[in-house]
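# Below are the sequence and a predicted model for it; my questions follow.
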Amino acid sequence: MSRSVPQGRLSRLAKLAAAGARSGAGMLLSKASGSGADQTAAILGNLRGLAAKVGQMASYVDGVVPAEHRLAYETAMKGLRAAAPTSSPAEIRSALEEALGAPVDRLFAEWSDTPVASASIGQVHRARLADGREVAVKVQHPGIAKAMEGDLKNAGLFEAMAAAGGARRFQSKEVLEVMRTRFREELDYRHEAAQQTWFREFHAGDPHVRVPEVIASHSAASVLTSAFVRGADFDAACEAPAEQREAWAQTLWRFVFKGNLKGGRFNADPHPGNYIFHEGGAITFLDFGCIQPLSDAALPFARGMHRAAIGRDEARFREAARGLFSSRPGRHEDLVMSFARACFDPLFEQPFRFTRDYAASLVHEVKRVSQAALKLRDDEILEMPSDMFFINRLEFGLYSILARLDVTVDYAEVERSFMHELPD
């Protein structure tokens, strides 16, 4: 299904209103029937940009959509998650040739006009270089940059995303600026190429964590060419034997938290389509456009929380959490600490089995904290870290993915395998 991206801010707002999205979170709640969910998925997919990201989050993050609507939305949004509407072959060829400065048949020995994947910002085509290497070429949808800028000014979309990420009550200028910065970075594939290369080098010694090589000669600001990878998708992985699913769950946890605690950065878009699964527990990780760095000030406290949780030391955990949140005693601190502690159940409880109810409970809990904070004075509210939206987005997404793998794993033991590499 080939469609051009609606670019005008007013036209995009009108289409969002048709999806019940005039007030942000309403896009996920206004139509409970299957046909209504299908219509919403179609509108969000055609809009692409941040609108499609909201729909994709609804397709796999437990707790974003109320339980009574979940089946209808998950079924409809799953199609959006797997394959958003595509740009036409002519549009993609034109964009590719403009970005790389040469005709397609000179750039590649083989080129397929049929995309192998399409997402909110770009779509991926299979090609072959003159030296015989098979590559995946991600090309931005024409017009997506202008469309994204319109979305970044849409308060309703930010309300929906912030609510899903637990930041609704805490939309300080700093939080909103971090959100806009991360999403603008996704439009620069040179930035993504650098991040992808960093993660490839960072995990180079781990046989289970694979990151495709970037082909710099065939990449630009709106084109990213990488080695092509084949393997099982997420749906197939969820149907694999338990032993395989356990190994993949361990790899996912190590990829996220080693990069987080040792490398000081994490991929803040844990989309199920960004993983390719292989035998023996190996996973290829894709899409490094949305990478959130952790500040030098926050890292020691984050490491302290993980060490305390592994050691089941409640007092030490609370002390480290207080440092991370620059906390002070009061009702809001109690709420925030309760939520933070619940997020660390997978480490305190050894081993641990993720369930969809548990993953959804964290989303519900952060919404409860947000609602309770509405009744507090400004001077009673803790100043949440500016990257909290993306930390929540990572955890909610990762936990929902692990719940679908449905296995029992000792995640504390996974972290012990690299904790000795961290600074004291």
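Yes, it's here.

# which residues touch residue 245?
Neighbouring residues of residue 245 by Cβ atoms under 8 Å, 6 or more residues apart in numbering: 237, 238, 405, 406, 407. (Each C-beta comes from the backbone N, C-alpha and C, glycine too.)

# Can you report how many residues lie near the second one?
The reference is to residue 238. Look at residue 238: counted by other Cβ atoms under 10 Å, it has 16 neighbours.

# Helix, strand, or coil at the nearest residue to it once chain neighbours are set aside?
Counting by Cβ to Cβ, 6 or more residues apart in numbering, residue 404 is the residue found nearest to residue 238 once chain neighbours are left out, at 5.2 Å. Put simply, residue 404 is helix when judged by DSSP: H, G, I helix; E, B strand; the rest coil.

# Tell me how many other residues surround residue 242.
Using other Cβ under 10 Å, residue 242 has 11 neighbouring residues.

# same check, this time on the one 5 residues further on
Neighbour count of residue 247, defined by other Cβ under 10 Å: 20.

# I figured it hits residue 281, correct?
Yes: the criterion here is Cβ atoms under 8 Å, and residue 247 meets it with residue 281 at 2.8 Å.

# where do the contact lists of the two overlap?
Residues touching both residue 247 and residue 281 (Cβ under 8 Å, 6+ apart) are residue 208.

# Let me see the ranges of the strands in the stretch 151-300 of the chain.
Secondary structure of the stretch 151-300 of the chain (DSSP state E, counting those that start in this stretch): strands at 209-210, 223-227, 265-267, 275-277, 283-285, 291-293.

# Between those strands, which one is closest to residue 104.
Between residue 104 and the strands of the stretch 151-300 of the chain, the tightest spacing by Cβ to Cβ is seen for strand 223-227, at 11.3 Å.

# So which bits of the closest one are buried?
223, 224, 225, 226 (16 or more other Cβ atoms under 10 Å).

# now the third one: how far from residue 94?
When Cβ to Cβ, to the nearest Å is applied, the distance between residue 225 and residue 94 equals 17 Å.

# Then the second one?
Counting by Cβ to Cβ, the gap between residue 224 and residue 94 amounts to 17 Å.

# cool, and the last one?
Taking Cβ to Cβ as the measure, residue 226 and residue 94 are separated by 22 Å.

# ok so, going back, surely the residue nearest to residue 238 is in contact with residue 236?
No: counting by Cβ under 8 Å, residue 236 is not a contact partner of residue 404; they are 12.0 Å apart.

# between the two, which one's more packed in?
residue 404 (18 against 10).

# What pLDDT does the model give the more buried one?
As predicted, residue 404 sits at a pLDDT of 95.

# do the one 4 residues further on as well
Here, the pLDDT recorded for residue 408 equals 98.

# can you check the one 4 residues further on too?
The model reports residue 412 with a pLDDT of 97.

# Now stretch 349-367: buried residues?
Buried-residue list, stretch 349-367, by 16+ other Cβ under 10 Å: 352, 354, 356, 358, 359, 360, 361, 362, 363, 365, 366, 367.

# list the contacts for the nearest residue to residue 283 once chain neighbours are set aside?
Of all residues not flanking residue 283 in the chain, residue 251 sits nearest, at 4.9 Å (Cβ to Cβ, 6+ apart). Going by Cβ under 8 Å, 6+ apart, residue 251 touches 208, 209, 281, 282, 283.

# any idea how far the second one lies from residue 364?
According to Cβ to Cβ, residue 209 and residue 364 sit 32 Å apart.

# Likewise for residue 321?
Taken as Cβ to Cβ, the span from residue 321 to residue 364 is 20 Å.

# cool, and residue 86?
36 Å.

# can you count the residues close to residue 239?
9.

# Give me the pLDDT for it.
Looking at residue 239, the pLDDT reads 97.

# Same question for residue 373.
Reported pLDDT for residue 373: 68.

# Please give the element, helix or strand, for residue 347.
Using DSSP states H and E, residue 347 maps to helix 345-348.

# ok, then the element right after that helix?
Using DSSP H and E, the next helix or strand after helix 345-348 towards the C-terminus is strand 352-353.

# Let me see the mean pLDDT of that next one.
For strand 352-353, the mean confidence score works out to 98.

# list the helices and strands whatever helix or strand comes next after that strand packs on?
Following strand 352-353 in sequence order, the next helix or strand is helix 356-373 (DSSP H and E). Under the contact criterion of 3 or more Cβ pairs under 8 Å, 6 or more residues apart in numbering; DSSP states H and E, helix 356-373 touches helix 155-164, helix 331-343, helix 388-405.

# Helix 356-373: how far from the chain's middle?
18 Å (Cα atoms, centre = their mean, to the nearest Å).

# what would the buried residues of stretch 349-367 look like in a markdown table with distance to residue 152?
Below are the buried residues of stretch 349-367 laid out as a markdown table (distance: Cβ to Cβ, whole Å):
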| residue | distance to residue 152 |
| --- | --- |
| 352 | 37 |
| 354 | 33 |
| 356 | 31 |
| 358 | 33 |
| 359 | 28 |
| 360 | 28 |
| 361 | 31 |
| 362 | 27 |
| 363 | 24 |
| 365 | 28 |
| 366 | 23 |
| 367 | 24 |
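
# circling back: make a markdown table out of the strands of the stretch 151-300 of the chain and add mean pLDDT.
Shown next, in a markdown table, are the strands of the stretch 151-300 of the chain (pLDDT from 0 to 100):
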| stretch | mean pLDDT |
| --- | --- |
| strand 209-210 | 98 |
| strand 223-227 | 98 |
| strand 265-267 | 89 |
| strand 275-277 | 97 |
| strand 283-285 | 98 |
| strand 291-293 | 90 |
